[in-house]
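Chemist: everything below, folded, please.
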Amino acid sequence: MEQQEHRTIQMLQEAERETRKQLILTAALTLFGEKQISKVGMRDIAGEAGISPALIYRHFEDQDELFIEAFVKKSKEMIANFETTLSSQQIVSIEKIAKEFIHYLLNHPYFFRMMTYFMLDHTLTEKHLDQFNMAIRELLSIFDSGFELSGLKKDVRLHSHALLSALNGVMITFHHYPGRSEDETEAHINKIVALIASLFVNA
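Modeler: Prediction:
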């Protein structure tokens, strides 16, 4: 009986720890999506999460570790969303993959801004950079599969890099285009994405 109670207490403590960790990650995602990563401090994240800064260091060694775990968490969600959507379609084209990528970013603006701020403003230690690159490679493998299904035999990963760069560029350029509603913006972006996809396939 005493052993069972001990296990129950341990399980409750682990659940509480995981809940607190997810709370910290959610707060970090919000702040990393609002301003440059270098301008977000651990105290800022603690304030957003409603906890003391000391509690963050029980879960994360430093800001880089917190950033990369938040980034990987959202990347895995995006990839799972990709796989669910694309598995339901009989034909997986570059255009469909590109539009699904854009659709996800439009519906998760904090993640898009977080990714953009990182590309423009931040460097990681080698350990954390490996985790970041692994997450990006998982995403690129989906692009790779689209190009391979379209018949591309050479420089597949290079094409995936180029497509990812082009799509991010479209988002940066038109995400907040003056004078357009959100629906108009998405429709315009999708037209550009369709054109880019056709250029890649025809090339």
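Chemist: where in the protein is pLDDT low?
Modeler: Across the chain, the stretches falling below the confidence threshold (pLDDT under 70) are 1-13, 15, 90-91, 121-122, 203.
Chemist: what helix or strand is the residue nearest the centre of it on?
Modeler: What sits nearest the mean C-alpha location of the chain, by CA atoms, centre = their mean, is residue 75, with 3.7 Å. Per DSSP states H and E: residue 75 is located in helix 63-87.
Chemist: so which elements touch the helix or strand that contains residue 129?
Modeler: Taking DSSP H and E as the criterion, residue 129 maps to helix 126-149. Identification of packing neighbours for helix 126-149 by 3 or more CB pairs under 8 Å, 6 or more residues apart in numbering; DSSP states H and E yields helix 63-87, helix 94-107, helix 156-174. C-beta: built from backbone N, CA, C; applies to glycine.
Chemist: and for the residue nearest to the centre of the chain, nearest residue in space, chain neighbours not counted?
Modeler: Distances taken as CB to CB, 6 or more residues apart in numbering put residue 135 closest to residue 75, at 4.1 Å, once the chain neighbours are dropped.
Chemist: not counting the helix holding residue 75 itself, show me its contacts.
Modeler: Identification of contacts with helix 63-87 by CB atoms under 8 Å, 6 or more residues apart in numbering yields 24-25, 28-29, 32, 37, 40-42, 45, 56, 60, 92, 96-97, 100-101, 104, 108, 111, 114-115, 118, 122, 124-125, 128, 131-132, 135-136, 138-139, 142.
Chemist: just the buried residues of those.
Modeler: In the contacts of helix 63-87, burial by neighbour count holds for 24-25, 28-29, 32, 37, 40, 42, 45, 56, 60, 92, 97, 100-101, 104, 108, 111, 114-115, 118, 124, 128, 131-132, 135, 139, 142, counting by 16 or more other CB atoms under 10 Å.
Chemist: re the thing from before, tell me which of the helices and strands packed on helix 126-149 sits most buried.
Modeler: Of these, the one with the most neighbours on average (mean count of other CB atoms under 10 Å) is helix 94-107, at a mean of 19.
Chemist: helices and strands around it, which ones?
Modeler: Counting by 3+ CB pairs under 8 Å, 6+ apart, the packing neighbours recorded for helix 94-107 are helix 63-87, helix 109-121, helix 126-149, helix 156-174, helix 182-202.
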